[in-house]
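Asks: just coords:
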DNA sequence: GTCTATACGCTGATAGAC
DNA sequence: GTCTATCAGCGTATAGAC
């Protein structure tokens, strides 16, 4: 286990503050105080407040993109793929709860990287929808409206970060299994 | 159809801005510009920025509370009650999309009214959970984990405001029916 | 009901000493 | 790597003229 750099510490603490109050309401002075230093000292490690948000959000967005690519390339049926998507969201939500909160709540405050973020999200949703549509075509999934199903599943998965901290130590496998039961069994033929 | 007062106009425009950028990132100057007046003029109609947020969020929170009370008092089974909860969320999401966004994203910026808001939300969730637990006890609902089911349904219903504007003119009955199919049919015995 | 003028604390960020 | 000092601009809000 290698030591956390000062920059990593800033990103970790910033994510926690962003989760609680939102990007706009957190000041560089808040962040510095939380780290026990002065605001000016932060700038030896990061170039701007905006750069902090970018690093936090884009790292996670790229994790989701990479995870989705693994899933769509694998040779498995649609239900399995949906289960793997649940696993992916549970894993990221547990490993990086605060960062995920920032992604979900503060992505619109990305400035120069906003277009890039939106493209990643769009591609992710397109891949998701394609999995559902294939499943319906193959009669693995009930003939529900693909958009409503994707919206419903994604709403739950995107909200995981709100729910995980309340539950203390979460068992990822158990949580994934419960979610799969509720999100998928109902649509499984 | 009675004319909108200046104050109502402020609340409506503010809700739209809060939805897009979040409470903290919207300035009184932004709001005034959007209304075609100067920031100082806003204070003839509202006492503070905080008061705007309170009016928007608490009105909706109280709508949910009133709706839930009607549902739990009615003489119907658990599945019917869950369907009525879906209807309630769809109705409010369509009628007051922007205000609902502010409630979901900016409730933590309520200052003196935060405790009141949290109590309304807690009571709402307790009533929701009780409906699910009764349904499981009566064998109307599969023996899933009540908390996971409530979390999943509420995540979807609370995210409706994100989804509705993309869909243009929404038919509430059709949307409620699709959601009920996906959220309830899977857990129905 | 809206305006101009103004108060004044807080904001992100930089320069330069140690 | 952290500090103090500093800055220009923006934040909410008030006073008082029209």
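Replies: Received it, and whenever you're ready, just let me know what you need. Note that the structure is predicted; figures quoted are calculated from it, not measured.
Asks: next one: the most centrally placed residue in chain A from DNA strand D, what distance?
Replies: Central residue of chain A (CA atoms, centre = their mean): residue A:100, 4.4 Å from the mean position. Distance from residue A:100 to DNA strand D, counting by CB to the nearest atom of the strand, to the nearest Å: 27 Å. For every residue, glycine as well, the C-beta is placed using N, CA and C.
Asks: so what's the residue nearest to that residue when sequence neighbours are not counted up against?
Replies: Counting by CB to CB, 6 or more residues apart in numbering or on different chains, residue A:100 lies nearest to residue A:161, which is 4.3 Å off, once chain neighbours are set aside. For residue A:161, the contact set (CB atoms under 8 Å, 6 or more residues apart in numbering or on different chains) comprises A:19, A:93, A:97-98, A:100-101, A:104.
Asks: cool, and residue A:20?
Replies: residue B:108 are the contacts of residue A:20 under CB under 8 Å, 6+ apart.
Asks: and the helix or strand that contains it with DNA strand D, contact?
Replies: For residue A:20, the host element (DSSP states H and E) is helix A:6-21. Yes: on the criterion CB under 7 Å from any atom of the strand, helix A:6-21 is in touch with DNA strand D at residue A:6.
Asks: sorry, back to before: and the next helix or strand past whatever helix or strand the residue nearest to residue A:100 lives in?
Replies: Secondary structure from DSSP H and E places residue A:161 in helix A:160-163. Next in sequence after helix A:160-163, counting helices and strands by DSSP H and E, comes helix A:172-184.
Asks: go through that next one and flag the buried ones.
Replies: A:175-184 (16 or more other CB atoms under 10 Å in any protein chain shown).
Asks: what is that helix packed up against?
Replies: Packing partners of helix A:172-184 (3 or more CB pairs under 8 Å, 6 or more residues apart in numbering or on different chains; DSSP states H and E): helix A:78-95, helix A:146-158, helix B:146-158.
Asks: contact partners of that helix?
Replies: So helix A:172-184 is contacted by A:79, A:82-83, A:86-87, A:90-91, A:94, A:152-153, A:156-157, A:164, B:144-145, B:148-149, B:152, B:186-187 (CB under 8 Å, 6+ apart).
Asks: quick one on the thing from earlier: doesn't residue A:90 make contact with the residue nearest to the centre of chain A?
Replies: No: contact between residue A:100 and residue A:90 fails when scored by CB atoms under 8 Å: they sit 11.0 Å apart.
Asks: get me the contact residues on chain A for DNA strand C.
Replies: A:26-29, A:39-40, A:43, A:47-50.
Asks: could I get those in a markdown table, plus columns for secondary structure, pLDDT and neighbour count?
Replies: Shown next, in a markdown table, are the residues of chain A next to DNA strand C (DSSP: H, G, I helix; E, B strand; the rest coil; pLDDT from 0 to 100; neighbours: other CB atoms under 10 Å in any protein chain shown):
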| residue | secondary structure | pLDDT | neighbour count |
| --- | --- | --- | --- |
| A:26 | coil | 98 | 24 |
| A:27 | coil | 98 | 13 |
| A:28 | helix | 98 | 17 |
| A:29 | helix | 98 | 12 |
| A:39 | helix | 98 | 14 |
| A:40 | helix | 98 | 10 |
| A:43 | coil | 98 | 12 |
| A:47 | coil | 98 | 10 |
| A:48 | coil | 98 | 12 |
| A:49 | helix | 98 | 18 |
| A:50 | helix | 98 | 15 |
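Asks: distance-wise, check residue A:105 relative to DNA strand D.
Replies: 19 Å.
Asks: circling back: just how off-centre is the helix holding residue A:20 within its chain?
Replies: 16 Å (CA atoms, centre = their mean, to the nearest Å).
Asks: what's the answer for stretch A:93-111, then?
Replies: Counting by CA atoms, centre = their mean, stretch A:93-111 comes out at 7 Å from the chain centroid.
Asks: report the buried residues of it.
Replies: Quick answer for stretch A:93-111 (16+ other CB under 10 Å): A:93-94, A:96-107, A:109-110.
Asks: gap between residue A:35 and residue A:8?
Replies: Remark: distance between residue A:35 and residue A:8 (CB to CB, to the nearest Å) = 12 Å.
Asks: do residue A:179 as well
Replies: 30 Å.
Asks: where does chain A have low pLDDT?
Replies: Of all residues in chain A, those with pLDDT under 70 make up the ranges A:186-189.
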